[in-house]
Structures are given as C-alpha cells and as structure tokens.
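J.: could you look at this predicted model? Sequence included:
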Amino acid sequence: MAWVRDDASYVAERMLRALLRRRYGPEIGEAGTVRLCPRCASTEHGRPLVGGRPGPGRPAVSIARTAGATVVALTGCGSVGVDVEATALFGAAEVADVLLHPAERAATSRETAAAWVRKEALLKASGWGLAVEPSAIRLDDSTGSPVVVEWPVSVPRPDWVMDVTLAADLTAAVAGSGPVHPHDVTTQEAGPGGSLG
C-alpha cells in the first residue's frame, strides 16, 4: 500500500505506477487502470484493474480518496479493497443509521469511521462496493482485530480485513482474499519525504 497527503485525481495513477515498477519491474510500471464491473461487465464503473496485463496473473488494485489524502493498495494474489476517511467526518448519527448492523454500536466518531472503512474495504474487495448495504455486514472487533460475523449470502466474501495506521486524523482499512498476516501488509508514504517518491 502507498498513501499521500494529496487527493488530486492524478495522484492515485502515479502511486500505482510506482508500486507496479517496484514490484513487477519497469515494463508493467507504465500500465494505468481500467474499470470493470463484476456484475454487468461495464467499463464505465466498477473496480479498478491494472491495464495492459490481462488474465489471472493481473495484480489486483484498490484506490481510495478522502479530503487531503489518497491510498492505493496492490496485491499479486486474490483481491484487495482499501478505504480511507477523515475521522472527523463521522460525527453525524445519520451515518451510523445506514452503516451499522442492528447488533453493532459505535460510541465515537473514530469507532464509526473504523466501521465505515472496514466495511467499504471489504465491499471493494468483494467487487460489489456500495451496491450492498453496509448495515447487512456485522463485524466484531472485541479481540482487537476486526472479524466478519455476518455477511450477505449472495456476495463473494473476502477472507480478511485489517486496520491500517496512516495519520492521527485519518482512519483506514484494507481487506482481501487469500491468506494474509499483518506483516504481509506494508504501507509506504509517498510524496516529499516519503519512502515512495
């Protein structure tokens, strides 16, 4: 994963190219993204895919933006979903009303933001995005790490979700399919002073 304190539209493509070059070499580093909806096969919307590399060997990518920040996640196996939000935006009770499963509670804006980014990352990894009501998913983080307890039967279920620490004012999570351990996920800061320039 890479992130930067910038939400300009071109930033995600630049970070993706840098991640691709670092992981796969210069020949794939110039590939951009294309969109493909897993439900209707439209290229006008849907999850981003790495262009120029068809087939099952294509890396999976996910992109998220919030005011002042962009995050890109890339994996060579399975699917991936990432989300980032400004924590302060989640103080409104209306968000909790559409977000939380009836068995879930969120007492603070940070808890509400965490529930949102976890569910958004899971839904992106599933390929369905917000076509699924977030309140249909129930998570439990009582052991410290979020675990999916309830999931809509008709939607492909990712295998894992984890919180990602970026900055004090941001809340982020990444999810995907396939085996993963916390040490498998690396986060790099892009931009001036970051490890991914």
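T.: Structure received.
J.: every contact and neighbour count from this point should use C-alpha atoms.
T.: OK.
J.: now do the SS call for Val149.
T.: strand (DSSP: H, G, I helix; E, B strand; the rest coil).
J.: my read: it touches Ala136, true?
T.: No - counting by CA atoms under 8 Å, Val149 stays clear of Ala136, with 10.6 Å between them.
J.: what is the residue nearest to the spatial centre of the chain paired to in the beta sheet?
T.: In the chain, the residue lying closest to the centroid (CA atoms, centre = their mean) is Val82, at 0.7 Å. On the basis of DSSP bridges, Val82 takes part in beta bridges with Val174.
J.: for His45, see how far away Arg39 is.
T.: 11 Å (CA to CA, to the nearest Å).
J.: for the lengthiest helix in the chain, what is the average pLDDT?
T.: Scanning the chain for the helix with the most residues, using DSSP state H, yields helix 109-126. For helix 109-126, mean pLDDT rounds to 94.
J.: from here on, call the first residue 263.
T.: Sounds good: first residue 263 from here, last item helix 371-388.
J.: following element in sequence after it, please.
T.: Using DSSP states H and E, the helix or strand that follows helix 371-388 in sequence is strand 400-402.
J.: which elements pack onto that following strand?
T.: Applying 3 or more CA pairs under 8 Å, 6 or more residues apart in numbering; DSSP states H and E, one finds that strand 400-402 contacts strand 409-412.
J.: per-residue confidence at Leu281?
T.: Note on Leu281: pLDDT of 85.
J.: name the helix or strand for it, please.
T.: Per DSSP H and E: Leu281 is located in helix 273-286.
J.: run the chain-centre distance for the next helix or strand after that helix.
T.: Downstream of helix 273-286, the first helix or strand assigned by DSSP H and E is strand 295-298. Centre-to-centre, strand 295-298 and its host chain are 16 Å apart (CA atoms, centre = their mean, to the nearest Å).
J.: for stretch 340-350, same thing?
T.: For stretch 340-350, the distance to the chain centre is 3 Å (CA atoms, centre = their mean).
J.: just the residues contacting that stretch, thanks.
T.: For stretch 340-350, contacts defined as CA atoms under 8 Å, 6 or more residues apart in numbering pick out 322-329, 331-336, 371-372, 375, 379-380, 382-388, 420, 431-440.
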